[in-house]
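Asks: coords please:
(2 chains)
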Amino acid sequence: MAENIYKPYLMKIGSIVEETPDVRTFRLIFKNPEDAEKFSFKAGQFGEYSVFGEGESTFCIASSPTRKEYIECTFRKAGRVTNALANLEVGDTVGFRGPYGNTFPIEQWEGKNLLYIAGGIALPPMRCVIWNTIDLRHKYKDITIVYGARTVGDLVYKQELKEWSERPDIKMITTVDPGGQTPDWKGETGFVPMVLEKAAPSSENCIAILCGPPVMIKFTMPVLKKLGFQDKDIYTTLENRMKCGFGKCGRCNVGKVFVCKDGPVFSYEQILSLPEEY
Amino acid sequence: METIRKLIRKQSLEKLYNNLAANRKVYAPVIAADKKAEYKYNPGFADVTFDHIRSTLSVKNIVFPKVENLFFYENSKTESTITDIDLDKIPEVVLWGAHPCDNAAFDTLRSIFCWDTKDEFFSRRLEKLTVIGLGCHSSDEYCFCTSVGLSPSSSRGSDILLTKLQTGDYQAEILTAKGNEIVSSFPDLFEPLTDEKVDITEVKQKFSHKQVTEKLAGAFEHEFWIANSLRCIGCGACAYVCPTCACFDIQDETKGKNGKRYRSWDSCGFGLFTLHTSGHNPRHVQSQRWRQRIMHKFSYMPDRNESLGCVGCGRCSSGCPVDMNIAEQLEALQNI
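Replies: Residues are numbered from 1 along each chain as shown, chains lettered A, B, ... in the order given. The predicted model follows:
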């Protein structure tokens, strides 16, 4: 039987974390142990998740490739498929195709300081690479994570934020937008770019990884430039609507670049060479 | 293999066709009620046309059906199971009497479906296809094959290419092993070719595709796109009639517990094509979508797929409800 590249793996939902009222994290376990055996991926890659009858939706694999028994994904209830996914329960079946796309070049980053900057629901695409580099902690120098959301309620991965902030080998800065704090909020209050500017991490031997809504990226870039970061040392991920995931269905391209094949990870230097089609 | 030229008499064509149609699917052009050409499976030989210029739809559906099931599923409360499509059941098809532009398009489609990841749905269908092409002895103002590196007598994509001779008989160029197999099966129908003149139409070159590709490299932000797409209504007809357009959608359809996931033709001309769930759309106006269509075919594909995304059949122009003529536009684009 020839390989059907459109056929998903069948996955069982192992656990569900309600990150915020409309954001869920699923732990997915391969129903067929042989599939689990064969499956591997790298940080930054994504997949097509499906509810049979509703269709497929594209998002990253949010767990680390160093954790082999499962994959995790985090999604916000937004469209038809993500709403259907959100209605599922532990033990239910979902489809998964992947992994697709390129990866964060973490081997090239060895021996460097890492600065992760994320906003809102953009932490999930970064969580994979954060855990990947934490699990290989000895290979990297300082790791700093700056994460912000609109309100305390919008922060995802609260358990991990706590875990990261308690680790002596990670500098964790968490912030919420002004007005988004609760009375017992102990983190920063302010927009990500301002908080970053205040923290002023050194750009010396440092790679910045930036994921967030366009407005956050727009105001964070000048701060990174001011701190001395070069375009080639700043990484981000792009998202475009996708169907196939392997460069055939024709909709995710930015100019001649396929987000699904050449991305989703791009250096800022590459982004600057692309037409504005994302 | 080396091309072999033979002669097939007009009356032998009918025997060849009937022999082929007796035990396999033969997809051949007929004149439909609206006087336009369309392809049908196993029409009677008397209905098969040898004189059409272009059919309304291309013949790409043989290898890339309008709607193609990818698999079937069954849902229970918590379980879902998947049943595969049996690709071994794809039948052998002989495409009869299709013109060089349409036949060349199979190569173009292969460059999309088989670059990097190989699409078995497409490639199995292509493996099962034998093409008996027909060189063009007539053309019209919409034809522009000679502008995209082809001609009314191009043999690309054909296993056998028939060309009308001035005597009314046909020259048969045997181009591939598949073509040779047919000829060997019916040796009595083919005779040695004596030096006879072919009846081939002339198609005037309107632009240079190489020059267009060069020009496009720096034309992304050019005002050309807005000025030339103001009348586009985004109907997508150009993509549906195009022999090389391969963009598709993937959808599910369920009835009770059972359903199927299928892919279907789609068009970059539709606003929904690239619309994000958030409401953001990277190509939010029609000029950006028109630009994508031209860029994809004449700039991105030569670069990424080593293949031009156009065969010059003229269907997008002849079928456009607002008379957007791609050849005229590319001629103009060459000189911006």
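Asks: mind listing the strands for the stretch 51-200 of chain A?
Replies: Ranges of strands in the stretch 51-200 of chain A, per DSSP state E, counting those that start in this stretch, are A:55-60, A:71-76, A:93-100, A:113-119, A:143-149, A:170-176, A:188-189.
Asks: could I get these as JSON lines with distance to residue A:17, mean neighbour count and mean pLDDT?
Replies: In short, each C-beta sits where N, CA and C put it, glycine included. Converted to JSON lines, the strands of the stretch 51-200 of chain A look like this (distance: least, Cβ to Cβ, whole Å; neighbours: other Cβ atoms under 10 Å in any protein chain shown; pLDDT from 0 to 100):
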{"stretch": "strand A:55-60", "distance to residue A:17": "15", "mean neighbour count": "24", "mean pLDDT": "96"}
{"stretch": "strand A:71-76", "distance to residue A:17": "8", "mean neighbour count": "23", "mean pLDDT": "96"}
{"stretch": "strand A:93-100", "distance to residue A:17": "15", "mean neighbour count": "22", "mean pLDDT": "97"}
{"stretch": "strand A:113-119", "distance to residue A:17": "17", "mean neighbour count": "24", "mean pLDDT": "97"}
{"stretch": "strand A:143-149", "distance to residue A:17": "16", "mean neighbour count": "24", "mean pLDDT": "97"}
{"stretch": "strand A:170-176", "distance to residue A:17": "18", "mean neighbour count": "21", "mean pLDDT": "97"}
{"stretch": "strand A:188-189", "distance to residue A:17": "24", "mean neighbour count": "16", "mean pLDDT": "96"}
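Asks: These: which one's closest to residue A:34?
Replies: Of all those, strand A:93-100 sits nearest to residue A:34, with 14.9 Å by Cβ to Cβ.
Asks: coming back round to it: let me have the strands of the stretch 51-200 of chain A in JSON lines, extended by distance to residue B:39.
Replies: Output for the strands of the stretch 51-200 of chain A, formatted as JSON lines (distance: least, Cβ to Cβ, whole Å):
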{"stretch": "strand A:55-60", "distance to residue B:39": "31"}
{"stretch": "strand A:71-76", "distance to residue B:39": "44"}
{"stretch": "strand A:93-100", "distance to residue B:39": "34"}
{"stretch": "strand A:113-119", "distance to residue B:39": "54"}
{"stretch": "strand A:143-149", "distance to residue B:39": "57"}
{"stretch": "strand A:170-176", "distance to residue B:39": "62"}
{"stretch": "strand A:188-189", "distance to residue B:39": "67"}
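Asks: Is it possible to get TSV of those that adds distance to chain B?
Replies: Below are these laid out as TSV (distance: least, Cβ to the nearest Cβ, whole Å):
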stretch	distance to chain B
strand A:55-60	5
strand A:71-76	9
strand A:93-100	4
strand A:113-119	14
strand A:143-149	16
strand A:170-176	21
strand A:188-189	26
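Asks: out of the ones you listed, which comes closest to residue B:182?
Replies: Residue B:182 sits nearest to strand A:93-100 of all those, at 39.5 Å, using Cβ to Cβ.
Asks: right, and the strands of the stretch 51-200 of chain A - which one's nearest residue A:227?
Replies: strand A:113-119 (9.0 Å).
Asks: how distant is that closest one from the center of its chain?
Replies: Centre-to-centre, strand A:113-119 and its host chain are 11 Å apart (Cα atoms, centre = their mean, to the nearest Å).
Asks: What are the contacting residues of it?
Replies: Contact with strand A:113-119 is made by A:126, A:129-130, A:133, A:140-149, A:192, A:196, A:201-202, A:204-213, A:216, A:220, as judged by Cβ atoms under 8 Å, 6 or more residues apart in numbering or on different chains.
Asks: Over to stretch B:207-227?
Replies: Stretch B:207-227 is contacted from outside by A:255, A:275, B:144, B:147-149, B:287-288, B:290-291, B:294-295, B:298-299, B:302, B:308, B:310, B:327, B:330-334, B:336, using Cβ under 8 Å, 6+ apart.
Asks: Then stretch B:232-244?
Replies: Contact partners of stretch B:232-244, identified using Cβ under 8 Å, 6+ apart, comprise B:56-60, B:101-102, B:105, B:108-109, B:245, B:247, B:265-271, B:286-287, B:289-290, B:293, B:297, B:309-311, B:313, B:315-316, B:319-322, B:324, B:326.
Asks: now the end-to-end length of it.
Replies: 20 Å (Cα to Cα, to the nearest Å).
Asks: So what's the residue count around the closest residue in space to residue B:286 that isn't next to it in sequence?
Replies: The spatially closest residue to residue B:286, leaving aside those adjacent along the chain, is residue B:232, at 5.0 Å (Cβ to Cβ, 6 or more residues apart in numbering or on different chains). Residues lying near residue B:232 (other Cβ atoms under 10 Å in any protein chain shown) number 18.
Asks: Likewise for residue B:181?
Replies: The number of residues near residue B:181, taken as other Cβ under 10 Å, comes to 12.
Asks: Helix or strand: which one has it?
Replies: Secondary structure assignment for residue B:181, by DSSP states H and E: helix B:177-185.
Asks: Just the local confidence number for the residue nearest to residue B:286, please.
Replies: On pLDDT, residue B:232 comes in at 96.
Asks: how close does it sit to chain A?
Replies: Distance, residue B:232 to chain A, using Cβ to the nearest Cβ, to the nearest Å: 18 Å.
Asks: Confirm that residue sits in a helix?
Replies: No - read with DSSP: H, G, I helix; E, B strand; the rest coil, residue B:232 is coil and lies in no helix.
Asks: Dihedrals phi and psi, it?
Replies: Backbone dihedrals for residue B:232, given as degrees, to the nearest 10, come out at phi -70, psi 130.
Asks: ditto for residue B:273
Replies: Here is the backbone geometry of residue B:273 (degrees, to the nearest 10): phi -50, psi -40.
Asks: Surely it is in contact with residue B:282?
Replies: No - between residue B:273 and residue B:282 there is no contact, the gap being 10.0 Å when judged by Cβ atoms under 8 Å.
Asks: Whichever residue of chain A sits closest to chain B: what secondary structure?
Replies: Nearest residue of chain A to chain B, counting by Cβ to the nearest Cβ: residue A:250, 3.3 Å away. Assigned state for residue A:250: coil (three-state reduction, three-state DSSP).
Asks: Once you drop chain neighbours, what's closest to it?
Replies: Residue A:250 sits nearest to residue B:247 (Cβ to Cβ, 6+ apart), 3.3 Å away.
Asks: burial count for the one you found?
Replies: 24.
Asks: now the helix holding residue B:181, how far from the centre of its chain.
Replies: The answer for helix B:177-185 is 23 Å, by Cα atoms, centre = their mean.
Asks: Now do it: which elements does it pack against?
Replies: Secondary-structure packing of helix B:177-185 (3 or more Cβ pairs under 8 Å, 6 or more residues apart in numbering or on different chains; DSSP states H and E): strand B:4-8, helix B:10-23, strand B:129-134, strand B:160-164, strand B:170-174.
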